[in-house]
Structure formats: structure tokens, C-alpha cells
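Chemist: Any chance you can model this:
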Amino acid sequence: MRHALGIAAGLALIAAALSPLPQAQASCVSAARKCQAKPLIGIEVAARATSPAASGGQVSYTLDYAMTLTPSFAPYWGTFWVGGRFPAGRGPSRAVLLDATGKRVAVLRCREHSDGVWCAAGSHIPHRGRVVLTARTGGKGVTRLGFDSFEELDRKESERRFSRREARARFCNHRFTATVTTVTTTPDS
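Modeler: Predicted structure coming up:
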């Protein structure tokens with residue numbers, strides 16, 4: 001009897017996992033920017049910047065991150081962007097991705113978007129690591145940096161390089177950020 005109940009419960013869980021998305025989740029896949037579903041992955045982000053910096057000088061931002069997958073019946077297929085809003089000045093044109101040991105994994109290209117400067121990290125990034133971004137600052141400012149994850153892709157879609165606009169329109173978007181304040185010095189200080 002217990003064996004039969006266990007099999008029935010297992011089949012019910014599998015059926016629930018394979019059933020079509022509820023309407024609230026389906027809407028986030030279409031064109032909605034905010035997704036009703038909870039993220040399938042969590043990203044803890046700690047950010048710091050070299051400071052003080054002279055106005056117009058370079059500031060290096062370092063993001064230490066750790067990803068945690070939530071329990072799921074299916075593999076995780078997603079794509080990531082790293083970056084955010086930088087203070088007045090010029091945002092980075094590239095970012096360096098390092099694994100947990102400090103080994104360089106990739107150099108990511110960055111571009112200006114309507115919601116900040118973002119670098120396409122793709123789907124194959126280490127679960128723990130560091131990202132270093134270097135920008136020119138226009139003065140004291142607050143920088144909000146982190147990761148955007150786009151979820152509910154399939155395996156084939158995760159191999160593609162979607163533009164940020166396409167990803168925002170087609171997939172669930174979750175943002176994980178940290179804030180850094182940079183202080184500039186004047187030549188007299």
C-alpha cells in the first residue's frame with residue numbers, strides 16, 4: 001500500500017513538472033518585463049571599487065559572486081549579463097571574468113543599453129567567481145552593479161546569443177545587484 005502511494009505521489013510530481021506553464025508564468029515568457037515566477041537560480045553579489053579616484057580617472061569595480069540553483073526537476077537553461085548603472089563618465093567596454101581560483105575564464109564585451117552598461121556573459125559561466133570592470137568616472141557617484149539572469153530557455157536557446165532586447169522580450173528576467181559608492185578627489189587633496 002505504501003509502495004503504491006509512493007508511486008502515485010511520484011507520478012503526480014512528474015505530471016506537475018511536465019504540465020504547461022500556468023498563465024502567470026506564461027506571460028513572463030511572452031512580452032512582460034517582470035516575471036511572476038520565482039527565479040530558478042540565486043546570485044549573491046558583493047561589489048567594491050577602487051576609491052578615491054580623480055575625476056575623469058579610472059575606477060575598477062570588482063564583483064564577487066556565487067550562484068545557487070533552486071531545487072528543480074529539470075536542468076537549468078539560462079543566460080547571464082553582468083553590469084549595471086555607472087556614474088557619469090564612460091562605462092566599461094569590456095569585463096574580465098575570473099573563476100574562483102582567479103584564473104581568467106573570458107573577456108566579456110560590454111555595450112550601453114537603456115538600463116545601463118551590460119556585458120553578455122552567455123550561459124557557461126562558473127558558479128563562483130569574480131568579474132572586474134574598469135570605467136572612467138565623472139565624479140562621485142553611486143554604482144549599482146550585478147547580474148541579470150534570463151530564464152526558461154531550452155538547451156538550443158541557451159547556446160544562442162540573444163540581444164538584450166530579445167532576451168527581455170522573450171524570457172523571465174531577474175536582477176541581482178549590489179551598490180558601490182565611489183568618491184573622487186580633487187588635485188588639491
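Chemist: and stretch 78-95, what's its mean pLDDT?
Modeler: Averaging pLDDT along stretch 78-95 yields 86.
Chemist: contacting residues around stretch 37-53?
Modeler: Residues external to stretch 37-53 that are found in contact with it (C-beta atoms under 8 Å, 6 or more residues apart in numbering): 24-25, 28, 59-70, 72, 76, 78, 137, 143, 145-147, 149, 151-152, 172, 174, 176-185, 189. Quick note: C-beta positions are derived from backbone N, CA and C, even for glycine.
Chemist: Could I get the full set of strands for the chain?
Modeler: Secondary structure of the chain, counting by DSSP state E: strands at 41-49, 53-54, 58-69, 78-85, 89-90, 94-99, 104-113, 116-122, 128-137, 141-151, 172-182, 184-185.
Chemist: list the contacts for the closest residue to Arg175 other than its chain neighbours?
Modeler: Once flanking residues are discounted, Arg175 sits nearest to Asp148: 5.3 Å by C-beta to C-beta, 6 or more residues apart in numbering. By C-beta under 8 Å, 6+ apart, the contact list for Asp148 reads 80-82, 118, 173-175.
Chemist: Arg109: which of these is nearest?
Modeler: Nearest to Arg109 among the contacts of Asp148, counting by C-beta to C-beta, is Trp118 at 10.0 Å.
Chemist: What does the pLDDT read for the closest one?
Modeler: The per-residue pLDDT reported for Trp118 equals 94.
Chemist: Return the set of residues that bridge with it.
Modeler: Judged by DSSP bridges, the bridge partners of Trp118 are Gly83, Arg111.
Chemist: Run a quick neighbour tally on it.
Modeler: As a burial measure, the neighbour count of Trp118 was computed by other C-beta atoms under 10 Å and equals 22.
Chemist: Touching, it and Trp81? I think so.
Modeler: Yes: under the criterion of C-beta atoms under 8 Å, Trp118 lies in contact with Trp81, with a separation of 4.4 Å.
Chemist: what do those two both touch?
Modeler: Applying C-beta under 8 Å, 6+ apart, one finds that Trp118 and Trp81 are jointly contacted by 148, 164.
Chemist: Which of the strands of the chain has the highest mean neighbour count?
Modeler: Here the criterion is mean neighbour count by mean count of other C-beta atoms under 10 Å, and of the strands of the chain the winner is strand 78-85, at a mean of 24.
Chemist: quick one, it and strand 94-99 angle?
Modeler: Strand 78-85 runs at 130 degrees relative to strand 94-99, counting by axes from the mean of the first three to the mean of the last three C-alpha atoms, to 10 degrees.
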